[in-house]
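Colleague: Fold the following for me, if possible:
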Amino acid sequence: MSVDLLSVIRKVIAPLNARVSAMVSRAVISIVDDSKKMQTLQIQALAGETLGDVERIQNFGFSSVPKNGAEALVVFVSGNRDHGVVVAVDDRLYRVKDLGEGQSVMYDAAGNKFLLSNDGNALLQASVKAMVSAPEVELGSATAKEKILNGETFQTTFNQHVHLAFGVPTTVVTVPSPPTDLSLAVKAAKLMS
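Modeller: Down below sits the predicted model:
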(Lines give C-alpha, C1' and ligand atoms only; values in the text may rest on other atoms or scores of the structure.)
Protein backbone atom coordinates (compact mmCIF):
# COMPACT_ATOMS: atom_id res chain seq x y z
CA MET A 1 0.00 0.00 0.00
CA SER A 2 2.83 2.39 0.77
CA VAL A 3 4.17 1.85 -2.75
CA ASP A 4 0.86 2.95 -4.22
CA LEU A 5 0.79 6.04 -1.98
CA LEU A 6 4.35 6.99 -3.04
CA SER A 7 3.51 6.69 -6.73
CA VAL A 8 0.38 8.82 -6.22
CA ILE A 9 2.45 11.53 -4.49
CA ARG A 10 5.01 11.46 -7.31
CA LYS A 11 2.25 11.74 -9.88
CA VAL A 12 0.65 14.68 -8.04
CA ILE A 13 3.89 16.65 -7.64
CA ALA A 14 5.28 15.85 -11.12
CA PRO A 15 3.82 19.02 -12.75
CA LEU A 16 5.16 21.16 -9.90
CA ASN A 17 8.57 19.50 -10.18
CA ALA A 18 8.62 20.20 -13.95
CA ARG A 19 7.78 23.89 -13.38
CA VAL A 20 10.43 24.32 -10.71
CA SER A 21 13.01 22.60 -12.94
CA ALA A 22 12.14 24.99 -15.79
CA MET A 23 12.45 28.21 -13.73
CA VAL A 24 16.15 28.89 -14.34
CA SER A 25 18.19 28.14 -17.44
CA ARG A 26 21.50 28.91 -19.07
CA ALA A 27 21.36 30.29 -22.61
CA VAL A 28 23.50 31.60 -25.46
CA ILE A 29 22.69 34.98 -27.03
CA SER A 30 22.14 35.03 -30.79
CA ILE A 31 20.48 38.43 -31.46
CA VAL A 32 20.31 41.68 -29.44
CA ASP A 33 17.74 44.45 -30.01
CA ASP A 34 18.82 47.57 -28.12
CA SER A 35 16.29 49.94 -29.75
CA LYS A 36 13.41 49.37 -27.31
CA LYS A 37 12.79 50.76 -23.83
CA MET A 38 13.95 47.39 -22.46
CA GLN A 39 16.66 45.54 -24.38
CA THR A 40 15.44 42.25 -25.84
CA LEU A 41 17.40 39.18 -26.84
CA GLN A 42 16.96 36.12 -28.96
CA ILE A 43 18.49 33.23 -27.06
CA GLN A 44 19.19 29.55 -27.47
CA ALA A 45 18.17 27.89 -24.20
CA LEU A 46 17.51 24.16 -23.88
CA ALA A 47 18.71 21.96 -26.72
CA GLY A 48 16.95 23.26 -29.81
CA GLU A 49 14.87 25.84 -27.86
CA THR A 50 15.00 29.31 -29.47
CA LEU A 51 13.29 32.11 -27.56
CA GLY A 52 12.83 35.58 -29.02
CA ASP A 53 12.05 38.98 -27.50
CA VAL A 54 13.29 37.93 -24.07
CA GLU A 55 13.71 41.08 -21.98
CA ARG A 56 17.08 41.72 -20.36
CA ILE A 57 17.09 43.51 -17.01
CA GLN A 58 20.30 45.52 -16.51
CA ASN A 59 21.60 47.45 -13.51
CA PHE A 60 20.44 51.07 -13.39
CA GLY A 61 23.08 53.45 -14.72
CA PHE A 62 24.84 50.82 -16.79
CA SER A 63 23.89 49.38 -20.15
CA SER A 64 25.73 47.13 -22.57
CA VAL A 65 25.14 45.25 -25.79
CA PRO A 66 26.62 41.78 -25.51
CA LYS A 67 28.17 40.12 -28.53
CA ASN A 68 26.51 37.12 -30.15
CA GLY A 69 27.66 33.97 -28.39
CA ALA A 70 27.75 35.55 -24.93
CA GLU A 71 26.19 33.46 -22.18
CA ALA A 72 23.07 34.40 -20.22
CA LEU A 73 21.21 33.31 -17.14
CA VAL A 74 17.45 33.30 -17.74
CA VAL A 75 14.73 33.19 -15.10
CA PHE A 76 11.29 32.00 -16.19
CA VAL A 77 8.54 33.52 -14.03
CA SER A 78 6.45 30.70 -12.46
CA GLY A 79 8.36 28.24 -14.66
CA ASN A 80 6.53 29.58 -17.73
CA ARG A 81 8.97 29.21 -20.66
CA ASP A 82 7.02 31.88 -22.58
CA HIS A 83 7.92 34.53 -19.97
CA GLY A 84 11.69 34.57 -19.55
CA VAL A 85 13.82 37.41 -18.23
CA VAL A 86 17.60 37.56 -18.71
CA VAL A 87 19.15 38.61 -15.39
CA ALA A 88 22.87 38.18 -16.11
CA VAL A 89 25.16 38.08 -19.17
CA ASP A 90 28.86 37.31 -19.38
CA ASP A 91 31.33 36.51 -22.15
CA ARG A 92 34.26 34.21 -21.52
CA LEU A 93 36.25 35.73 -24.41
CA TYR A 94 36.36 39.30 -23.04
CA ARG A 95 35.92 39.11 -19.27
CA VAL A 96 38.75 40.85 -17.40
CA LYS A 97 40.37 38.31 -15.08
CA ASP A 98 42.61 38.35 -12.01
CA LEU A 99 41.04 41.32 -10.25
CA GLY A 100 41.95 41.83 -6.62
CA GLU A 101 39.48 41.59 -3.78
CA GLY A 102 37.26 44.69 -3.73
CA GLN A 103 38.15 45.80 -7.26
CA SER A 104 35.63 46.54 -10.02
CA VAL A 105 36.10 46.98 -13.75
CA MET A 106 33.95 48.13 -16.64
CA TYR A 107 35.17 46.77 -19.98
CA ASP A 108 34.21 46.11 -23.58
CA ALA A 109 35.16 43.79 -26.43
CA ALA A 110 37.66 46.31 -27.88
CA GLY A 111 39.93 46.21 -24.82
CA ASN A 112 38.81 49.49 -23.24
CA LYS A 113 38.47 49.35 -19.48
CA PHE A 114 37.86 51.48 -16.43
CA LEU A 115 39.32 49.87 -13.31
CA LEU A 116 38.36 50.93 -9.80
CA SER A 117 41.09 49.62 -7.55
CA ASN A 118 40.71 48.83 -3.87
CA ASP A 119 43.62 51.16 -3.03
CA GLY A 120 41.79 54.34 -4.09
CA ASN A 121 43.21 54.49 -7.61
CA ALA A 122 41.19 54.46 -10.82
CA LEU A 123 42.59 53.56 -14.24
CA LEU A 124 41.03 54.45 -17.58
CA GLN A 125 42.62 52.45 -20.38
CA ALA A 126 41.52 53.15 -23.96
CA SER A 127 42.60 50.97 -26.87
CA VAL A 128 42.57 53.92 -29.31
CA LYS A 129 41.66 57.28 -27.73
CA ALA A 130 40.10 58.57 -24.49
CA MET A 131 37.78 61.54 -24.90
CA VAL A 132 36.03 63.78 -22.39
CA SER A 133 32.98 65.75 -23.47
CA ALA A 134 31.87 68.32 -20.89
CA PRO A 135 31.37 72.08 -20.69
CA GLU A 136 34.07 72.21 -18.01
CA VAL A 137 36.81 69.74 -17.05
CA GLU A 138 38.74 69.94 -13.79
CA LEU A 139 41.85 67.80 -13.40
CA GLY A 140 43.45 67.37 -10.02
CA SER A 141 42.82 69.55 -6.99
CA ALA A 142 44.59 72.06 -4.78
CA THR A 143 46.47 69.16 -3.23
CA ALA A 144 47.43 67.52 -6.54
CA LYS A 145 51.16 66.82 -6.84
CA GLU A 146 51.48 68.38 -10.30
CA LYS A 147 49.40 70.98 -12.05
CA ILE A 148 48.19 70.32 -15.56
CA LEU A 149 49.14 72.99 -18.07
CA ASN A 150 46.68 73.38 -20.88
CA GLY A 151 46.37 75.43 -24.06
CA GLU A 152 47.62 79.01 -23.75
CA THR A 153 49.00 78.40 -20.24
CA PHE A 154 51.29 75.70 -21.63
CA GLN A 155 52.26 77.90 -24.57
CA THR A 156 53.20 80.80 -22.26
CA THR A 157 55.15 78.51 -19.95
CA PHE A 158 56.99 76.88 -22.88
CA ASN A 159 57.92 80.22 -24.42
CA GLN A 160 59.35 81.53 -21.12
CA HIS A 161 61.19 78.44 -19.93
CA VAL A 162 64.95 78.23 -19.53
CA HIS A 163 67.40 75.40 -18.93
CA LEU A 164 70.50 75.17 -16.80
CA ALA A 165 73.69 74.63 -18.76
CA PHE A 166 76.62 73.88 -16.46
CA GLY A 167 74.72 75.62 -13.63
CA VAL A 168 74.04 78.76 -15.67
CA PRO A 169 70.49 79.57 -16.87
CA THR A 170 70.08 79.76 -20.62
CA THR A 171 68.03 82.39 -22.39
CA VAL A 172 64.37 81.81 -23.21
CA VAL A 173 63.62 79.78 -26.31
CA THR A 174 64.75 81.40 -29.52
CA VAL A 175 61.84 79.98 -31.54
CA PRO A 176 58.70 80.49 -29.46
CA SER A 177 55.62 78.37 -29.92
CA PRO A 178 53.18 80.39 -32.07
CA PRO A 179 49.39 80.46 -31.45
CA THR A 180 48.98 78.19 -34.49
CA ASP A 181 50.48 75.37 -32.37
CA LEU A 182 47.44 75.38 -30.09
CA SER A 183 44.90 72.64 -30.66
CA LEU A 184 41.69 73.38 -32.52
CA ALA A 185 39.72 72.72 -29.33
CA VAL A 186 41.70 75.37 -27.40
CA LYS A 187 41.28 77.86 -30.25
CA ALA A 188 37.54 77.23 -30.40
CA ALA A 189 37.20 77.68 -26.64
CA LYS A 190 39.06 81.01 -26.86
CA LEU A 191 36.78 82.27 -29.64
CA MET A 192 33.68 81.38 -27.62
CA SER A 193 34.85 83.15 -24.44
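
Colleague: Can you get me the start-to-end distance on stretch 100-108?
Modeller: Distance between the two ends of stretch 100-108: 19 Å, counting by Cα to Cα, to the nearest Å.

Colleague: could you give me the average pLDDT of that stretch?
Modeller: For stretch 100-108, mean pLDDT rounds to 94.

Colleague: Check for me that Gly14 belongs to a strand.
Modeller: Just to correct that, residue 14 is Ala rather than Gly. No. Ala14 is assigned helix when assessed by DSSP: H, G, I helix; E, B strand; the rest coil, not a strand.

Colleague: Run a quick neighbour tally on it.
Modeller: 10 (other Cβ atoms under 10 Å). From N, CA and C alone the C-beta is placed, and that goes for glycine too.

Colleague: distance of it from Val24?
Modeller: In this view, Ala14 and Val24 are 19 Å apart by Cβ to Cβ, to the nearest Å.

Colleague: again, but for Tyr107
Modeller: Relative to Val24, and taking Cβ to Cβ, Tyr107 is found at 26 Å.

Colleague: neighbour count winner among those two?
Modeller: A direct count of neighbours by other Cβ under 10 Å for Tyr107 and Val24 places Tyr107 higher, at 16 against 13.

Colleague: isn't that one right next to Val96, touching?
Modeller: Yes. The pair Tyr107 / Val96 is scored as a contact, 5.0 Å apart, by Cβ atoms under 8 Å.

Colleague: Name the residues contacting each of those two.
Modeller: Lys113 (Cβ atoms under 8 Å, 6 or more residues apart in numbering).

Colleague: Remind me what the longest strand belonging to the chain packs against, helices and strands.
Modeller: Longest strand in the chain, counting residues (DSSP state E): strand 24-33. The contact analysis (3 or more Cβ pairs under 8 Å, 6 or more residues apart in numbering; DSSP states H and E) places strand 24-33 against strand 40-44, strand 50-56, strand 71-76, strand 84-90.

Colleague: Give me the sheet partners of the last one and which way each runs.
Modeller: So the one you mean is strand 84-90. Strand 84-90 sits in its sheet next to strand 50-56 (parallel), strand 71-76 (antiparallel), going by DSSP bridges.

Colleague: now Lys97: how far from Gln103?
Modeller: 11 Å.

Colleague: Of the two, which one has the most company?
Modeller: A direct count of neighbours by other Cβ under 10 Å for Lys97 and Gln103 places Gln103 higher, at 14 against 6.

Colleague: Report the contact partners of that one.
Modeller: By Cβ under 8 Å, 6+ apart, the residues touching Gln103 are Leu115, Leu116, Ser117, Asn118.

Colleague: please redo it, this time with the cut-off set to 10 Å
Modeller: The contact partners of Gln103, taken as Cβ atoms under 10 Å, 6 or more residues apart in numbering, are Val96, Leu115, Leu116, Ser117, Asn118, Asp119, Asn121.
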